[in-house]
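Engineer: Based on what follows, work out the 3D shape:
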Amino acid sequence: MDKLLILRQKRANAIAQMRALVANADKETRELNAEETARYESLRSEAEKALDDIKREEELRELEAAAPAQVTASGPAAAARNEKLE
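Structural biologist: Predicted coordinates:
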């Protein structure tokens with residue numbers, strides 16, 4: 001499965017769980033308790049990390065798409081060696 005899709009699903013799942021915690025407390029007309037708050041913060045960290053990972057993967061894909069075929073196919077180390085030879 002595509003890495004970006006997995007990361008987006010992971011983030012969406014964390015956000016959905018955050019929403020469920022808040023919705024449950026709202027339904028009961030109360031604030032989040034200590035355990036729910038801790039869980040919410042943990043989920044928020046997961047969602048933020050997933051977003052960082054998504055941005056990194058998207059950036060890499062853009063850079064790879066813009067790179068010459070030789071660098072993409074052979075890797076940056078090989079490209080550096082080829083530059084020295086020229």
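Engineer: for whichever helix in the chain runs longest, what is the average pLDDT?
Structural biologist: Identified as the longest helix of the chain according to DSSP state H is helix 34-66. For helix 34-66, mean pLDDT rounds to 97.
Engineer: buried residues in that helix?
Structural biologist: Residues 40, 43, 46-47, 50-51, 53-54, 57 are the ones in helix 34-66 that count as buried (16 or more other C-beta atoms under 10 Å). Backbone N, C-alpha and C define where each C-beta goes, glycine included.
Engineer: so what does that helix touch, helix or strand wise?
Structural biologist: The helices and strands touching helix 34-66, judged by 3 or more C-beta pairs under 8 Å, 6 or more residues apart in numbering; DSSP states H and E, are helix 3-27.
Engineer: Let's see stretch 44-61 as PDB, backbone CA atoms only.
Structural biologist: Provided in PDB are the C-alpha atoms of stretch 44-61 (Å, rounded to 0.1, in the frame of the first residue of the first chain):
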ATOM      1  CA  ARG A  44      -2.800  14.900  18.900                       C
ATOM      2  CA  SER A  45       0.900  14.000  19.000                       C
ATOM      3  CA  GLU A  46       0.200  11.000  16.700                       C
ATOM      4  CA  ALA A  47      -1.700  13.300  14.300                       C
ATOM      5  CA  GLU A  48       1.100  15.900  14.300                       C
ATOM      6  CA  LYS A  49       3.800  13.300  13.700                       C
ATOM      7  CA  ALA A  50       1.800  11.800  10.900                       C
ATOM      8  CA  LEU A  51       1.400  15.200   9.300                       C
ATOM      9  CA  ASP A  52       5.100  15.800   9.600                       C
ATOM     10  CA  ASP A  53       5.700  12.400   8.000                       C
ATOM     11  CA  ILE A  54       3.200  13.200   5.200                       C
ATOM     12  CA  LYS A  55       5.000  16.600   4.500                       C
ATOM     13  CA  ARG A  56       8.400  14.900   4.400                       C
ATOM     14  CA  GLU A  57       7.200  12.100   2.000                       C
ATOM     15  CA  GLU A  58       5.500  14.600  -0.300                       C
ATOM     16  CA  GLU A  59       8.600  16.800  -0.300                       C
ATOM     17  CA  LEU A  60      10.800  13.800  -1.200                       C
ATOM     18  CA  ARG A  61       8.500  12.800  -4.000                       C
END
